[in-house]
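Undergrad: please work out how this folds:
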Amino acid sequence: MKKSFLKSILPGIILLTSLLSCQTDNQNRTETSPNIICIVTEDISPWLGCYWDPVARTPVLDQLAKDGVLFTNFFSVSGVCAPSRAALITGMYPSTIGANNMRTGQKNLPDGIPPYEALPLPEVKCYTEFLRMAGYYCTNNNKEDYQFRAPKTAWDESSSIAHWRNRPEGKPFFAIFNIGTTHESQVWDRANDPVVIPPEKVNLPPYYPDHPVIRRDVARVYSNITIMDREVGEFIEQLKKAGLYDKTIVIFYSDNGGPLPRGKREIYDTGLKVPMIIRFPGNEHAGKVIDDLISFIDIPATILSLAGVEIPDYMHGQAFWGDQKATPRDYIYAARDRMDYQYDCRRAVRDKQYKYIRNYFPDKPRMLPVRYRMNMALMQTLLEYEKQGKLTGDQLHWFAKTKPEEELYDITKDPFELNDLSSDEAYADVLVKFRALHEEWVEDFGDHPAIPEKELVWSMWPNGIQPVTSSPEIHQDGNEISIVCSTVGATIGYQVRADQQEIKGPWYIFQDPLELNPSDTLVVMAHRIGFKPSEEVLFVQE
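TA: Numbering: from 1, shown residues only. Have a look, this model is predicted:
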């Protein structure tokens, strides 16, 4: 049984020392550890040539798939970036750690809710801390968006200039590069740019009417994907020029489904199902296609497994590759809550054939007027058609004024999830089975569907006030310096500054006693995720 979210704020949690015990001997692995790079694009479904899309022009990614492994059942835990990225950095379901509302840092929320941060169990870390403790140089360029402030110890570098090239000699690296070219905003920001794919060539899903504006925006998405494909090629070329391509595992994926209406933010496959390709050194496993169900929460565990670092027990995710590979999943789970200022609560369970959706607010429509999306001409066209009564058949599905408490779809026959089987007696047993799976997941993982956001926030931050990480204490015993922090789960970071000069480099994670040179200044801080970081504490060696 996984511990519930609300229990995570209670005392008596496992001490930090037990968490760090799984790191024994990790530093001895650095000489044989593979380099790993993740190229993460934004807001695309599998609209790629290697996914058998006849319209897409993606030669770089198509070649990467030929040289690597293509995954056909890879799913986000949410249809939008911030909750998804919370899962991608922690290996936890965002709906169970207070990270599922989009966004936690939103201003002017109702009921006096302040901008806040998710507060997971104290042992939960950014998984990159485990890589760093194992000797990896970790960089992020540059989007975080984790629903909490990333500790300074999460990365060696996290900025628009962060790069694996900056690592010390001999260190393996883990690097993330984020590509914004395919982001939803680029549909309207690039609306007047030339398109690579002619609008008349695109195939429209059945929930869209055939209209020139709609075709133009769909063609814009395909064209943005083609531009992104070239950018992926640039990252690969950097590795090749450095002689590192055959020493590096390359992972490509998107942070959620495609940017168009009824895609991004939604709990249907159009919002959740994304591409993933992994290319191994020497083209090992080239051309392999895997249809196992894989969730975003599995990414941290898998990267740790590939790096030879022990996966912590608290993670919800499991490894789908490497020495710690687990048995493939039977089901994946997803959740949707507030999007910007629009509240809803939906949960989903899916296997390879069926998708079950539980609607906790059935009186709300499926389509909610998210302000940001209104910038898109395609969205305005849909709204105009709906107002004029021109939408017909499957086009009406998303615009229904209410929704049933439960939905059930046969994905193999109905990939767009338009034919709801929840009231069909022929599928009664399937409905009962998936309803039970959903309820079991909610109980086991401590999800709290439909809990008012203010109650959620107050359970993490009493009266809306952020807890503060205690300042670390520095102790000297002869030549050895040890550091402790009374906040359970806090990571202690430090820098050693010669002659009291400021250093802008990384904050190292304290693991073992330190020895300082005369006149060195030791600067330490501590940070538990969801808490305010401690103040910096200085110690000068006499």
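
Undergrad: please count neighbours and contacts with C-alpha atoms only from this point.
TA: Fine.

Undergrad: okay, and the helix or strand of the chain with the least pLDDT?
TA: Least confident element among the helices and strands of the chain, by mean pLDDT, DSSP states H and E: helix 16-20 (a mean of 43).

Undergrad: just the C-alpha atoms of the next helix-or-strand element following that helix, please, in PDB.
TA: Next along the chain after helix 16-20, taking DSSP states H and E as the criterion, comes strand 35-41. Provided in PDB are the C-alpha atoms of strand 35-41 (Å, rounded to 0.1, in the frame of the first residue of the first chain):
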ATOM      1  CA  ASN A  35      25.700   9.100 -20.500                       C
ATOM      2  CA  ILE A  36      22.000   9.800 -20.800                       C
ATOM      3  CA  ILE A  37      20.300  12.700 -22.700                       C
ATOM      4  CA  CYS A  38      16.600  13.400 -22.700                       C
ATOM      5  CA  ILE A  39      15.300  15.500 -25.600                       C
ATOM      6  CA  VAL A  40      11.800  16.700 -24.500                       C
ATOM      7  CA  THR A  41       9.500  18.500 -26.800                       C
END
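
Undergrad: same for strand 35-41, what does it pack against?
TA: The helices and strands touching strand 35-41, judged by 3 or more CA pairs under 8 Å, 6 or more residues apart in numbering; DSSP states H and E, are strand 173-179, strand 248-254.

Undergrad: give me the contacts around that strand.
TA: Under the criterion CA atoms under 8 Å, 6 or more residues apart in numbering, residues 172-183, 228, 232, 247-255 lie in contact with strand 35-41.

Undergrad: please redo it, this time with the cut-off set to 7 Å
TA: 172-180, 182, 247-255 (CA atoms under 7 Å, 6 or more residues apart in numbering).

Undergrad: cool, and stretch 473-491?
TA: Residues contacting stretch 473-491 (CA under 7 Å, 6+ apart): 15-16, 122-123, 469-472, 513-515, 526-528.

Undergrad: PyMOL command for the buried members of those residues?
TA: To isolate the buried ones among these in PyMOL, judged by 16 or more other CA atoms under 10 Å, type:
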select buried, resi 16+122+123+469+470+471+472+526+527+528
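
Undergrad: least confident pick among the contacts of stretch 473-491?
TA: Within the contacts of stretch 473-491, residue 15 has the lowest pLDDT, namely 38.

Undergrad: could I get the helices and strands packed on strand 35-41 as a markdown table with distance to residue 272, mean pLDDT and mean neighbour count?
TA: Below are the helices and strands packed on strand 35-41 laid out as a markdown table (distance: least, CA to CA, whole Å; pLDDT from 0 to 100; neighbours: other CA atoms under 10 Å):
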| stretch | distance to residue 272 | mean pLDDT | mean neighbour count |
| --- | --- | --- | --- |
| strand 173-179 | 18 | 99 | 23 |
| strand 248-254 | 10 | 99 | 22 |
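
Undergrad: quick one, which of the ones you listed gets closest to residue 59.
TA: strand 248-254 (14.1 Å; CA to CA).

Undergrad: what packs against that closest one?
TA: If contacts are counted by 3 or more CA pairs under 7 Å, 6 or more residues apart in numbering; DSSP states H and E, strand 248-254 sits against strand 35-41, strand 273-279.

Undergrad: show me the contacts for the residue nearest to the spatial centre of the chain.
TA: Centroid-nearest residue in the chain: residue 85, 2.5 Å away (criterion: CA atoms, centre = their mean). Residue 85 makes contacts with 145-146, as judged by CA under 7 Å, 6+ apart.

Undergrad: do you know how far it is from residue 101?
TA: For residue 85, the distance to residue 101 equals 12 Å [CA to CA, to the nearest Å].

Undergrad: got a list of what residue 146 touches?
TA: Residue 146 sits next to 82, 85-86 when contact means CA under 7 Å, 6+ apart.

Undergrad: how does it look with 10 Å?
TA: 81-90, 94, 99, 103-104, 117-118, 126 (CA atoms under 10 Å, 6 or more residues apart in numbering).

Undergrad: of those residues, which belong to helices?
TA: Of those, the ones assigned to helices by DSSP state H are 81-90.

Undergrad: adding distance to residue 264, write the residues you listed out as CSV.
TA: Compiled in CSV, the ones in helices among the contacts of residue 146 are given as follows (distance: CA to CA, whole Å):
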residue, distance to residue 264
81, 9
82, 12
83, 12
84, 12
85, 14
86, 17
87, 17
88, 17
89, 20
90, 22
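
Undergrad: which one of the residues you listed is nearest residue 374?
TA: residue 81 (17.9 Å).

Undergrad: got the domain ranges for this structure?
TA: Annotated domains of the chain cover 29-329, 346-457, 473-540 [automatic domain parsing].

Undergrad: any chance of CSV for those domains, columns distance to residue 335?
TA: Below are these laid out as CSV (distance: least, CA to CA, whole Å):
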stretch, distance to residue 335
domain 29-329, 6
domain 346-457, 4
domain 473-540, 21
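
Undergrad: hey, which of those is tucked in deepest?
TA: Ranked by mean neighbour count, the domains of the chain are led by domain 29-329 with a mean of 21 (mean count of other CA atoms under 10 Å).

Undergrad: quick one: contacts for residue 354?
TA: Contacts of residue 354 (CA under 10 Å, 6+ apart): 331, 408-415, 417, 430-431, 434.

Undergrad: mind putting those residues in TSV, secondary structure included?
TA: Shown next, in TSV, are these (DSSP: H, G, I helix; E, B strand; the rest coil):
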residue	secondary structure
331	coil
408	strand
409	strand
410	strand
411	coil
412	coil
413	coil
414	coil
415	coil
417	coil
430	helix
431	helix
434	helix
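
Undergrad: this completes my enquiry, with thanks.
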